[in-house]
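Asker: build me a model from this:
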Amino acid sequence: MINLSLLSLLLVLSSCGVAVRTTKDLDVNVVDISEGTPSPLMQEKIPKNCNFTKAFKTNIYYDYKHRAQKLSHLNSIIDSVYLGGEKEVFKSTIGFRYRSPLSIMGRMFKACGGHDYTKNKSYQSAAASALYSFSEIEKIKHLLPASISPVRLRVATTVRNIYETSEDGVLVREEKQLINNAFYNSKDKEIIFVPQGTPDYGFVPFSGIPMWEIPFVSAHEYGHHVFSHFMTNYLNDKLIKHKPRVCFDDHFEGGDQDRNVKFQDIMKSLNEGVADLFSRIVIDKKITMEGLTCLEDSRDVTSDTFANGESKILNKQSLSEFFSTRKIGQTDCLKSVNYQDPHTVGAVFANAFYKVLKEGKLDQKQMLSFLYEYLKDINSKYFQLKNLSLDKSLEDLFLMGFSKAEKAVGLSQREKCGIISQSYPSLHSYYSCKK
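Answerer: This next block holds a predicted model:
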């Protein structure tokens, strides 16, 4: 990313957060659609006798349930941690609009050995909590791809999504500040946690627990890093624009109610499913998502249902909704399921694959080996898959994973057909299953 000069920064601040060339004959109307108010964090005072360490070793890390004392060395998977800072994600439907990328890194976090980070709601305590979550991945670093690069971690970063369009000669710029979320940026190999906050509408998600305190979230974001490591053809596809997307609420798109479903939407769903499955494989089974509203069912690969009780299944109705050109508005996870959200289709993939792997009682190493080989296969056949019809490419992506998993496990015909019936009934013909 490019840091702005002082002059560029002044231009950004003077234009409501985005630096763009003036658009002729267009007045500007700024609409603030922020999803809520961020909760302030303090800057913790560093003890004078602090023993700084670059290895991120401290005496106390904790998660949202146990707040237990932990030790962790994280240099191998995380190369730096930054507190606060700013970032903008920009999208425009008006010709060739240009913006200067805004990314202010914030203050670098240096762990203070022996310091108790659990006492205050500070940037430092948020970073320490996130690092505890990543310690679960550190435990299995010997099972990670040998050449995978370290990631940068940014905690409580102010992120604004900015969307521009033209309405009756007026440039309408919607700006939304994100709260209660996290995402992975493949371009810069960074994981970003946005601030915790109070939504303008609805309830505080995930039982009010900050994302950086939930091990599943950290592992999920790292799962995107693993996906990107293997999916080089997808990331290098010049016909696809890779925009960072939030991972736990995907409703900010802007614009009208029409959709143009593309192969990219299928790949996004696969990406989310892989990240969910990776997270469950690497996180200690004792650490669950129990009590975390929506996450505990909808995003838990061990659950066969979503938070509202509906089965995780790709049937005629859900597939019709996924491929529909009519956009579905924001939904309440406790009342309905939105199959246009890539996390939903991804959850079906992850749940089906996990069912197969569980039947074979595969260990952690074997499960990760399956996942890596699956991603390698997809990457090698990426352009073939891309040129198929959308429904066929979705089917083939599922079948590639399902077939690889069931052969590794050795499922019986009855077991294969049972899981197909529960997850993707239209694929019965591929396995000669009776409907």
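
Asker: tell me the spacing between residue 190 and residue 139.
Answerer: Separation of residue 190 from residue 139 (C-beta to C-beta, to the nearest Å): 22 Å. The C-beta positions use only the backbone N, C-alpha and C, and glycine is treated the same way.

Asker: what's the pLDDT at residue 44?
Answerer: As predicted, residue 44 sits at a pLDDT of 80.

Asker: burial of it, as a residue count?
Answerer: Neighbourhood size, residue 44 [other C-beta atoms under 10 Å]: 20.

Asker: can I take it that it is in a strand?
Answerer: No: counting by DSSP: H, G, I helix; E, B strand; the rest coil, residue 44 is not part of a strand but coil.

Asker: how much space separates it from residue 110?
Answerer: Here the criterion is C-beta to C-beta. By it, residue 44 lies 12 Å from residue 110.

Asker: check residue 77 too.
Answerer: On the measure of C-beta to C-beta, residue 77 and residue 110 end up 18 Å apart.

Asker: these two - which one has more neighbours?
Answerer: Set residue 77 next to residue 110 and count neighbours by other C-beta under 10 Å: residue 77 wins out with 19 against 15.

Asker: what pLDDT is listed against the more buried one?
Answerer: Reported pLDDT for residue 77: 89.

Asker: same thing with residue 57?
Answerer: Reading off the confidence values, residue 57 has pLDDT 36.

Asker: could you do the one 5 residues further on as well?
Answerer: At residue 62, the predicted lDDT confidence score is 39.

Asker: so that it lines up with my notes, have the first residue be 729 from now on.
Answerer: Will do, 729 is the new start, and the previous item becomes residue 790.

Asker: my read: residue 913 touches residue 952, true?
Answerer: No: at 9.2 Å, residue 913 does not count as touching residue 952 under the criterion of C-beta atoms under 8 Å.

Asker: and residue 1097, what element?
Answerer: Here residue 1097, judged by DSSP states H and E, is contained in helix 1092-1108.

Asker: now do that helix, average pLDDT.
Answerer: Rounded mean pLDDT across helix 1092-1108 is 96.

Asker: check stretch 917-925 too.
Answerer: 92.

Asker: and stretch 890-900, by the same measure?
Answerer: 79.

Asker: try stretch 993-1000
Answerer: 95.

Asker: kindly report the same for stretch 1119-1134.
Answerer: What stretch 1119-1134 shows for mean pLDDT is 95.

Asker: what's the pLDDT at the closest residue to residue 1059 other than its chain neighbours?
Answerer: Distance criterion C-beta to C-beta, 6 or more residues apart in numbering; nearest residue to residue 1059, sequence neighbours excluded, is residue 1066 at 4.4 Å. On the pLDDT scale, residue 1066 is placed at 92.
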